[in-house]
Every structure is written in C-alpha cells, then in structure tokens.
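1. my questions concern the predicted model and sequence given below.
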Amino acid sequence: MVTIADQRAELDAHGVTIDDFAAIWAAHERVSARLALAVAEFDGNNEYATNGAVTMAAWLRQHCRMSDRDATALVARGRFLGDYQPVADAALTSRLSAGQVQALRSNVTRSVQSVFDLYAAELIEIIAPLDVRATEQACRVWRRNAEAICDQPEPVVPERQLVSQRASDGSLVGRFVFDDALAAEFEQAIGTAITWEADEIRTTGARQADALFDVVAFFNANHNKTGTPRHRPHVEVSINADDLHALRCCGTSTDGDPFPASTTEAFLCDSVIQRFVLNGSVPIDVGRATRSVPLDMFRAVAKRDGGCRHPGCNRKVAWCDAHHIRFWRNGGPTSLDNLVLLCARHHHLSHRPGWQIKLLPDATIELTNPNSHTQTSHPRPRPGLTNIRLQT
C-alpha cells in the first residue's frame, strides 16, 4: 500500500517535494489554458489546413499524437475560453482551475449563453474560492436560474427508462435515464447507503454499486407487501435435496437460471424453506413452509448484535440478515451461538471462499479474510437508563 511518505520520497527523488506539487500543478494548468487558447486561434483562422488536416482535432491527433477524445476536448475548451474572456483571464491567473472551467462549460448551454454574457464575471467571483464539486453545484443552480428568466419553451422532461439484461457471465448490465426527481432520490439513496471499510480499497464505482445492492436488499427485507413475517422477498431458489448437502451447492431461480454457490448459501441462511416431492417433473406432495431462522430467534440475535457485525460496518438491524456461522446446508444449527447479524452485502461476502467467522463466548466476532487477516468486532453498546438523571 502506497503511503504519503512513499509518495513524498518518490517526488523528492525527482527534485520535487509534495509541498511544491500544488504550485507546479497550478502552473501546468495556466500553460494548458494558454495552449487551449492557441488551439482556438488556430482553429478560428483554419491554420491547421495548411498541413492538409480537415479539422483542428485531426491536426492534433496527427502532430501531437493525441487521442480523439483529448483532441476534441482541447478544441472545445479552447473555443469556450476564446468566447468568454473573463473565464480565460481567470484560468490564466489560476483563479479558476481546469475542473472549474469544465464545470462552467458544462452548464453554459446554448439556451443560457446570452445570460452568461452579462453575468460571467459575477459567477466567476462566486465560484473562484470553491472546490470543483461545490463549483459544479453552484453552476447547476446558476443554470436553472438563468433558464427561468430566458424566453424559451418549457424543458422536456426525459422519460424514465431502466433497461437491463443478463450477460453471459450472469452479471446484470444495462442503461438508465432518470429525470431530476428520480435522479435526486437515487443520489440521496446511494449517498445514504454508501460505506467505507476500515482498509478501503474499493473504487468509487464499486462502492456505489455496493450501496445500490444495500438499498435494494433493504427494500426487499422491509417492504410491506405479501411475504414472510419479516416481509422477506420472494426470491425463489430451487435446490435438489441431494445437492443441498453437497460440498458446493448451486440453486436455480424460478426461471431456471443458476445462482452461484455463495449466493445460494446466503439465501439459505435466512429464508422460508418449502419441501416439494416430485415424480419426474410432476409435484406429488408439498410440505409445509418453515423458516430457517424463526422470528423470535432473529430478535434475540438482533438484541445481542445491534446491527451488522462485520468490522467497521454501521448498518442497523433493519439492513441485516441472520447468518449461520456454520452454514445451514452443512447442518449448522439455528441457535444463538451459531448466528450473527450481517448486512446483505457482508452476508453474501461471508459466503465466498476463504472467509471465516468465529463467535466467542462474550459475543466477540473474529473475522478472517482470504488473506488470513483477522479482525474483531464487539457487540454494539446499548445505552441504559439507569444512569440517566433528570434535573428537577
């Protein structure tokens, strides 16, 4: 793992200290702004054509060995700076970073250009001291206000779309289009559900995907539609009785699509079990459905654990499943000393190869990952009422 000290040593080896880097980067961005303005000038007088290039971007690709994406972006940035002198001046003097210039360019759409012509200097004063994220937010607010005073047709609200399908490897891929209302709800839900691990190595994209998993699992566990006493979802998993106690069992969905063994095992931990006796493919007997973890047992585990017991996770009881430390399919008992609360994401993680959980007599959890690194987790302290005294 690369530390700050390692980064500092690397920079020192090249004659640059970490403390100098920000100043050097600002100088780099000033030079980049000058180059972008030069590109805009060459683009405007067609100077690129003297070498036979069809466009300025094509000239950059050929003579500067730039990618299509980078060449097109540089031309667009140069045109924007060339069109708005206050923005160019701010970029050339480091009052605005390249990220802030991009935030402006993304929000100065054709419909609000006339307003920006009048208020560019004022907006620059507002965003100059901000970081890029705050700049993006400020620019979006400014654009909405500008659109409100412009004489233009009512904006078309995009139709919500969510299209997905299973890829050959079983993953779900697709695309979505959200309007502002759904986008706001979605972003808020992801922001609420996103987590950090103690030794975080996940990318932002991976963390957001994990957060979406938690949001969906939370709804499935807590919706008020028809289900089990805890409103568990009807995700049906079919398993042959002989396969159930196999070393690595895989179930199938209602449509016959296979689930990985780890997913099957996680579902089996806390589910409704129903027996079907078949003669060939014809059901001849249906047994009474039973729970693998009764509601009163779940409540006892919840009272002890208080939420997800994975080290560093703060998910509350409503987000959690009861996990069999000794897997249910391997004969693990549904008892207090073999159950632990895990949020949906960590529950599925615990069923992957190499993860081990040990529950100590004092309810401390020892979790060992596939790299043999062990962490501990203690039950969450619950504030009592005995020491609370009201002033009279």
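-> Happy to help now that I have it. Just so you know, these numbers come straight off a predicted model, no measurement behind them. Numbering: from 1, shown residues only.
2. all strands of this protein, in order?
-> With DSSP state E as the definition, the chain shows strands at residue ranges 161-166, 172-177, 272-273, 276-279, 282-286, 290-291, 320-324, 339-343, 356-359, 365-368, 374-377.
3. out of those strands, deepest packed?
-> Per-stretch averages of neighbours, counted by mean count of other C-beta atoms under 10 Å, single out strand 339-343 among those, with a mean of 29. (C-beta placed from N, C-alpha, C; glycine too.)
4. for the strands of the chain, which has the smallest mean pLDDT value?
-> The stretch with the lowest mean pLDDT among those is strand 282-286, which comes in at a mean of 48.
5. hang on, the earlier thing: could you point out which of the strands of the chain sits nearest Leu92?
-> For the strands of the chain, the distance to Leu92 is smallest for strand 172-177, at 38.1 Å, taking C-beta to C-beta.
6. now do that closest one against strand 161-166, angle only.
-> For strand 172-177 against strand 161-166, the angle by axes from the mean of the first three to the mean of the last three C-alpha atoms, to 10 degrees is 170 degrees.
7. okay, now the sheet partners of strand 172-177, with direction.
-> Using DSSP bridges, the strands paired with strand 172-177 are strand 161-166 (antiparallel).
8. among the helices and strands of the protein, which has the poorest mean pLDDT?
-> Of all regular secondary-structure elements in the chain, judged by mean pLDDT, DSSP states H and E, the least confident is strand 282-286 with a mean of 48.
9. thinking again about what came up before, nearest to Asn314, of the strands of the chain?
-> In terms of C-beta to C-beta, the element of those nearest to Asn314 is strand 339-343, at 9.2 Å.
10. export the closest one as PDB, just CAs?
-> Extracted in PDB, the C-alpha atoms of strand 339-343 (Å, rounded to 0.1, in the frame of the first residue of the first chain):
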ATOM      1  CA  LEU A 339     -26.000 -16.900  14.300                       C
ATOM      2  CA  VAL A 340     -24.600 -13.400  13.700                       C
ATOM      3  CA  LEU A 341     -26.200 -10.400  12.100                       C
ATOM      4  CA  LEU A 342     -24.600  -9.200   8.800                       C
ATOM      5  CA  CYS A 343     -25.900  -6.600   6.300                       C
END
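11. got the contact list for that strand?
-> Contacts made with strand 339-343 from outside it, assessed by C-beta atoms under 8 Å, 6 or more residues apart in numbering, are listed as 214, 217, 293, 297, 301-302, 305-310, 313, 315, 317, 319-325, 350, 357, 359, 365.
12. and the longest helix for the protein?
-> Selection of the longest helix in the chain by residue count, based on DSSP state H, yields helix 18-44.
13. can you point out the buried residues in it?
-> Buried residues in helix 18-44, defined by neighbour count with 16 or more other C-beta atoms under 10 Å: Glu29, Ala33, Ala36, Leu37, Val39, Ala40, Phe42, Asp43.
14. for it, name the packing helices and strands.
-> helix 4-13, helix 56-63, helix 68-83, helix 85-92, helix 98-107 (3 or more C-beta pairs under 8 Å, 6 or more residues apart in numbering; DSSP states H and E).
15. and His223, how many residues sit next to it?
-> Under the neighbour criterion other C-beta atoms under 10 Å, His223 is assigned a count of 12.
16. typed the wrong thing, it's Gly332
-> Applying other C-beta under 10 Å, we find 16 residues neighbouring Gly332.
17. that one and Arg326 touch, don't they?
-> Yes: Gly332 is in contact with Arg326 according to C-beta atoms under 8 Å; the separation is 3.3 Å.
18. what sits in contact with each of the two?
-> Between them, Gly332 and Arg326 share the contacting residues Asn338, judged by C-beta under 8 Å, 6+ apart.
19. chain center to stretch 326-344: distance?
-> From the chain centre to the centre of stretch 326-344 is a distance of 29 Å (C-alpha atoms, centre = their mean, to the nearest Å).
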